[in-house]
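> Dropping the sequence and predicted coords here.
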Amino acid sequence: MTKHTHYLFFILLLSVLTACKVSKDLARPEAPLPARFNNTLATQAANIADIKWKGFFADPSLQKLIGDAITNNYDMQLAVKNIEGARLLLNQTKWLYLPDAGLQVTATSNRPSDNSLNGLSTKTFLATTHVEDYSANISLSWEADIWGKIKNQKAAALAAYLQTEEARKWVQTNIVANVAEGFYNLLMLDAQSAIAKRNIALNDSTLRIIQLQYNAGQVTALAVQQAEAQKLTAAALLPELEREIALQENALRILAGALPDRVQRNTLLNQVIIPDSLSAGIPSELLSKRPDVKSRELDLTRANAQVGISKANMYPAVRITAGGGLNSFKATNWFNVPASLFGVVAGGIVQPLFQKKQLKTAYEIAKVDREKTVILFRQSVLNAVGEVSDALVRIEKLKTEQSIATDRVQTLKKAITNANMLFTTGMANYLEVITAQNNVLQSELQLAAITREQLSAKVELYRSLGGGWK
């Protein structure tokens, strides 16, 4: 068997040994998932997270606002850049199995002492007082992946890349939800502003009647003052609501990556349409649909890979080096082929000794970190289940509240009509009219707030189920 055959056999043996692993893949840990969500609205039907955001939010103005935010939001742009960086690192791992290569070209001149052994030898054998050396060579170095270190490095890089993808999805999910909630809040403020203006007009009409009665001596100045105070109460709401509208518009524009300005909207609060079928699906779907939960699961993959890398560092490393090129002690003979050719091949096994404790400690820390990722994964699942359950409860109870608030508004509007009729006929005093008007104002404002809360709860359910990134 020739010398080259020995080398080939040795390399083949190393290739077989690369199948060895010092760590095992960790299966997904059990998560605290219920069989179903404990709510009357929860069903086993298709999960609303599967609905694309353009299908969930039908209003054209809101769709444009969300689209601008996804494109221009700076958090989203950073998430995209993180993906680009992680992709470059992942592509780099594809080259880990290849040997390191280097090209070196050197020219040296050494003038030894005439009284030194080197100097005497140089003068005797070479008839010169200095030694020149010219070299041009390529060197190769390769470490056999016996213990799966490179495989684990690639697994960690892949998990990191996938995490950046999940981070982008989670950023988009939150952007979609935040824009929708801000838009609905803006519609609520518009509705409350319209309510305040209607109430001001109603109070102004009542004030004129009371003023006429005061001029006729039928009521005192106190009646006029209280009617004016009621009108001013409603009027004071307008600048407050206008301020909140401007601030909400600015917030939405900034969220969309644009300068503060007006936000276009062509719908009213009570005209918003959201799919009535709000199925939460089954809890186990959260593991695949929630980007933050998926990211925690990928954390576990990275931590498990790091355990393998840390353990592999404690085992012997098999390295093969090779080099070859041209070498001569005279420049004129440097490229004289084949006389100037040289080559060298070497193999070695390196076993850490004095770093043993450090490497062992690093391995134990990696195992602790892996256990921590398991805890964080379970925590993220539990939080996700809690968010879905909270949203389902909010939707259910707010629907009842909205029904009661709507009935109350209708009843109080009838009370205003009756109070005005009784007041004009002298069968009711001005205080009953003012009280009825104030009650309508407060109840209509409350109904608008409940309607917005109900829309917000539906958006939160959509977000908590992992919807919005499609």
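Done, it's in. Numbering: from 1, shown residues only.

> Neighbours of Glu166, how many?
Glu166: 20 surrounding residues under other C-beta atoms under 10 Å. Every C-beta, even on glycine, is put in place using the N, C-alpha and C of the backbone.

> for Ala317, same thing?
For Ala317, the count of nearby residues is 17 (other C-beta under 10 Å).

> do you know how far it is from Ile395?
From Ala317 over to Ile395 the distance is 59 Å, taken as C-beta to C-beta, to the nearest Å.

> Can you tell me the SS state at the residue of the chain most remote from its centre?
For the chain, the residue at maximal distance from the C-alpha centroid (C-alpha atoms, centre = their mean) is Thr124, at 75.2 Å. Three-state call for Thr124 (DSSP: H, G, I helix; E, B strand; the rest coil): helix.

> In the chain, where is pLDDT below threshold?
For the chain, the stretches with pLDDT under 70 are 1-28, 38-46, 97, 119, 126-127, 216, 218-219, 276-277, 353-356, 423-431.

> Break down it into its strands, ranges please.
100-110, 131-143, 317-328, 341-350 (DSSP state E).

> Distance to Thr206 for those strands - can I get that in TSV?
Below are the strands of the chain laid out as TSV (distance: least, C-beta to C-beta, whole Å):
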stretch	distance to Thr206
strand 100-110	89
strand 131-143	90
strand 317-328	91
strand 341-350	95
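
> Ok, which of those strands comes nearest Leu207?
Comparison of these against Leu207 by C-beta to C-beta identifies strand 100-110 as nearest, at 89.4 Å.

> Now do the closest one against strand 317-328: the angle between them, please.
Per axes from the mean of the first three to the mean of the last three C-alpha atoms, to 10 degrees, the angle that strand 100-110 makes with strand 317-328 is 40 degrees.

> Neighbouring strands of strand 100-110 in the sheet, and parallel or not?
strand 131-143 (antiparallel) (DSSP bridges).

> outside of the strand it pairs with, which residues touch it?
Applying C-beta atoms under 8 Å, 6 or more residues apart in numbering, the contact partners of strand 131-143 are 98-112, 118, 122, 317-331, 334, 342.

> rerun that using 7 Å as the cut-off
Strand 131-143 has contacts (C-beta atoms under 7 Å, 6 or more residues apart in numbering) with 99-110, 122, 317-331, 334.

> then it to PDB, C-alphas only?
The C-alpha coordinates for strand 131-143 follow below in PDB (Å, rounded to 0.1, in the frame of the first residue of the first chain):
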ATOM      1  CA  VAL A 131      21.600  34.200   3.100                       C
ATOM      2  CA  GLU A 132      18.600  34.900   0.900                       C
ATOM      3  CA  ASP A 133      15.300  33.000   0.800                       C
ATOM      4  CA  TYR A 134      12.500  33.300  -1.700                       C
ATOM      5  CA  SER A 135       9.200  31.500  -1.200                       C
ATOM      6  CA  ALA A 136       5.800  31.400  -2.800                       C
ATOM      7  CA  ASN A 137       3.400  28.800  -1.300                       C
ATOM      8  CA  ILE A 138      -0.300  27.900  -0.700                       C
ATOM      9  CA  SER A 139      -1.200  26.400   2.700                       C
ATOM     10  CA  LEU A 140      -4.300  24.400   3.500                       C
ATOM     11  CA  SER A 141      -5.700  23.600   7.000                       C
ATOM     12  CA  TRP A 142      -8.700  21.400   7.600                       C
ATOM     13  CA  GLU A 143     -10.300  20.200  10.900                       C
END
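
> can you pull the buried residues of it?
For strand 131-143, the neighbour count (16 or more other C-beta atoms under 10 Å) marks 131, 134-137, 139, 142-143 as buried.

> Select the longest helix from the chain.
helix 356-424 (DSSP state H).

> by contact count, what packs against that one?
Here helix 356-424 touches helix 286-289, helix 291-312, helix 430-464, going by 3 or more C-beta pairs under 7 Å, 6 or more residues apart in numbering; DSSP states H and E.

> Which one of the buried residues of strand 131-143 is nearest to Val272?
Closest approach to Val272 among these (C-beta to C-beta): Glu143, at 62.2 Å.

> could you check the distance from that closest one over to Ala312?
11 Å.

> same thing with Lys294?
Following C-beta to C-beta, the distance that separates Lys294 from Ala312 is 27 Å.

> same question, Leu189
From Leu189 across to Ala312, the span is 60 Å (C-beta to C-beta).

> How about Gln248?
For Gln248, the distance to Ala312 - C-beta to C-beta - is 55 Å.

> wait, Asn304 sits on Glu371?
No: contact criterion C-beta atoms under 7 Å: Asn304 and Glu371 do not qualify, at 10.8 Å.

> Out of these two, name the residue with the larger neighbour count.
Per other C-beta under 10 Å, whichever of Asn304 and Glu371 has more neighbours is Asn304, with 24 against 11.

> Can you give me the separation between the more buried one and Leu382?
21 Å.

> same deal with Ile404?
33 Å.

> got it, and Ile138?
Counting by C-beta to C-beta, the gap from Ile138 to Leu382 is 57 Å.

> again, but for Glu401
Taken as C-beta to C-beta, the span from Glu401 to Leu382 is 28 Å.

> neighbour-wise, which of those two wins?
Each of Glu401 and Leu382 has its neighbours counted (other C-beta under 10 Å); Glu401 has more, 16 against 13.

> That one against Ile450, yeah?
Yes: Glu401 is within contact range of Ile450, at 5.3 Å (criterion: C-beta under 7 Å).
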